[in-house]
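S.K.: Structure for the following, please:
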Amino acid sequence: MIQAVRMPPGPGTDWAAEFARHEREILRREPDELLALRRAALRRFLATGYPTRREEAWRYADLAAIARTAFTLPAGRPPRRAAEEVLARALLPGAVPLVFVDGGYAGGASGPAAPVGVEVANLAGRPAEAARAETRIAGILAADDRPFVALNTAFFGDGALVRVRRGAHVEIPIQILFVASGGEKPLAIHPRVLLVLEEGARATVVESFAGASAVRLTNAVTEVRLGRGAILDRYYVQDEGAQALHVHSFAAELAGGAALRSHGFALGSALSRAEIDVEFAGPEGEAVLGGLWAVDGDRHADCRTFVDHGVPHCTSEQAFRGILGGAGRGVFQGRVRMREGARGSRARQATRSLLLSRAARADTKPELEIRNDDVQCSHGATVGQLDEEPPFYLRSRGIDAPAARAMLALGFARAVLDDIRVPALAARIEGALQRWLGDRLSGAGIPEEGAP
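M.R.: Here you go, the predicted model:
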């Protein structure tokens, strides 16, 4: 029996008791190696507890809502009808879907068959696969100093495994959709995704998180391994309900000549946190990271990145934007490390925040750690409001003030939206952002001049 060492203040969740129940009912069928990994991860989490603001990486995030809520794991599979409405608006036309409802694999909503050269599977149906060297869970993102990764490793249930075989070029996007149904009890859902692209493979993967309005925690982890010369276009879309709490940890390991293009969109939840880690394991790799968050009310969107350059001639670019209304808060912490062996490498960071109200707040903390003179690094950050002159010009052409401001705010987001290479996804995110801006700037939503 695993004993708790320290639990957070408040009622919180008895994670040790939850694990005992989970182990008794489900985990007993897993390989010993995977079960041992889970137990070690839980011990690690119970020894450290949730992160606090005393830790530099979490100084802007208030996790009280997570620490003080008594979450339970989903019990059984929810009725399909509980998630049908969310599924209808979240499934991406033209994509191969892999669907999970409340963390459980929904085979009836998944399919059709994966394209040639691609293996798409429910990770829980392949427990031995999770222990193999090339697809090992926690092989890239260890739980040692990451409490939420440790929690996910202990409790992930069904999960998505996508493997693209050597040299396969996949034109059809693969959508991994996690749907959370509503309910009276606060649920904790721990999705796990493992993406493996072998040498020379190419693919597009969309990770989507959507759900009804209910109190719950989504604690997701994605690990990516790119072989030599592999190219991955990856999109992450978080559009959960207004009461949701969302933490997502992402880590990628790039072999020589591999390219990762990853863009995230935080459009929902009361609290969202994205942790993004990229490591170059071979020369001449490329990583392009981008994102957009739109928050209002007292919602909070938080993004932390770490790009580790340890080999020669690699390039990383980061471009993130936030649109903030009401008393919303957006945070970006970006760190780049240039090690001694990173000669000839380049890194660039840029973050911009648009404030739609006086009470909105943006925090930016770029960091460069340079241990090699033969590199190029830059970073920049801007925070501001809409200029008065462009809205005046549009109003003189018969466009009312709210519509003019919405058009300009959408133009601000265009730099990120234009990076979406999946037309159906681009149209969906742009439409959602247009509706969000229309509501906030029409006078029916949050006032332009301050907090509600």
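
S.K.: what about the residue nearest in space to the middle of the chain, which helix or strand?
M.R.: In the chain, the C-alpha nearest the mean C-alpha coordinate belongs to residue 248, at 4.4 Å (CA atoms, centre = their mean). Using DSSP states H and E, residue 248 sits in strand 244-254.

S.K.: immediately after that strand, which helix or strand?
M.R.: Moving toward the C-terminus from strand 244-254, the first helix or strand encountered (DSSP H and E) is strand 259-266.

S.K.: which secondary structure elements does the helix or strand that that following strand is followed by contact?
M.R.: Per DSSP H and E, the first helix or strand lying C-terminal to strand 259-266 is strand 271-280. Contacts defined by 3 or more CB pairs under 8 Å, 6 or more residues apart in numbering; DSSP states H and E place strand 271-280 against strand 244-254, strand 259-266, strand 286-295, strand 300-309. Placement of C-beta: from N, CA and C, glycine included.

S.K.: Recalculate using a threshold of 6 Å.
M.R.: Of the remaining helices and strands, those touching strand 271-280 by 3 or more CB pairs under 6 Å, 6 or more residues apart in numbering; DSSP states H and E are strand 244-254, strand 300-309.

S.K.: so which of those gets nearest residue 171?
M.R.: Smallest distance to residue 171 across the helices and strands packed on strand 271-280 (CB to CB): 21.7 Å, for strand 244-254.

S.K.: circling back to that earlier point, turn the helices and strands packed on strand 271-280 into JSON lines, columns for mean pLDDT and distance to residue 407.
M.R.: As requested, the helices and strands packed on strand 271-280 are arranged in JSON lines below (pLDDT from 0 to 100; distance: least, CB to CB, whole Å):
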{"stretch": "strand 244-254", "mean pLDDT": "97", "distance to residue 407": "29"}
{"stretch": "strand 300-309", "mean pLDDT": "97", "distance to residue 407": "23"}
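
S.K.: Figure out which of these is closest to residue 117.
M.R.: Judging the helices and strands packed on strand 271-280 by CB to CB, what sits closest to residue 117 is strand 244-254, at 20.2 Å.

S.K.: about what we covered before: reformat the helices and strands packed on strand 271-280 as TSV; add distance to residue 141.
M.R.: Compiled in TSV, the helices and strands packed on strand 271-280 are given as follows (distance: least, CB to CB, whole Å):
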stretch	distance to residue 141
strand 244-254	4
strand 300-309	12
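
S.K.: so which of those comes closest to residue 59?
M.R.: strand 300-309 (10.2 Å).

S.K.: next SSE after that closest one?
M.R.: strand 315-324.

S.K.: Who does that following strand pair with, and is each partner parallel or antiparallel?
M.R.: strand 286-295 (parallel), strand 346-355 (parallel) (DSSP bridges).

S.K.: which of the ones you listed is buried the deepest?
M.R.: Using mean count of other CB atoms under 10 Å, the stretch among the strands paired with strand 315-324 with the largest mean neighbour count is strand 286-295, at a mean of 23.

S.K.: Please state the offset of it from the chain centre?
M.R.: 10 Å (CA atoms, centre = their mean, to the nearest Å).

S.K.: now do stretch 239-248
M.R.: Stretch 239-248 sits 11 Å away from the centroid of its parent chain (CA atoms, centre = their mean).

S.K.: Over to stretch 311-325?
M.R.: Centroid separation for stretch 311-325 versus its chain: 15 Å, with CA atoms, centre = their mean.

S.K.: Buried ones in it, by neighbour count?
M.R.: For stretch 311-325, burial by neighbour count (16 or more other CB atoms under 10 Å) applies to 311-325.

S.K.: can I get the CA coordinates of stretch 34-47 in PDB?
M.R.: Taking Å, rounded to 0.1, in the frame of the first residue of the first chain, the C-alpha atoms of stretch 34-47 are listed here in PDB:
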ATOM      1  CA  LEU A  34       4.300  -0.600 -16.300                       C
ATOM      2  CA  LEU A  35       2.700  -1.100 -12.900                       C
ATOM      3  CA  ALA A  36       6.000  -0.400 -11.200                       C
ATOM      4  CA  LEU A  37       6.400   2.800 -13.200                       C
ATOM      5  CA  ARG A  38       2.900   3.900 -12.000                       C
ATOM      6  CA  ARG A  39       3.700   3.200  -8.400                       C
ATOM      7  CA  ALA A  40       7.000   5.100  -8.500                       C
ATOM      8  CA  ALA A  41       5.300   8.100 -10.100                       C
ATOM      9  CA  LEU A  42       2.600   8.200  -7.500                       C
ATOM     10  CA  ARG A  43       5.200   8.000  -4.700                       C
ATOM     11  CA  ARG A  44       7.000  10.900  -6.400                       C
ATOM     12  CA  PHE A  45       3.800  13.000  -6.500                       C
ATOM     13  CA  LEU A  46       2.800  12.300  -2.900                       C
ATOM     14  CA  ALA A  47       6.300  13.300  -1.800                       C
END
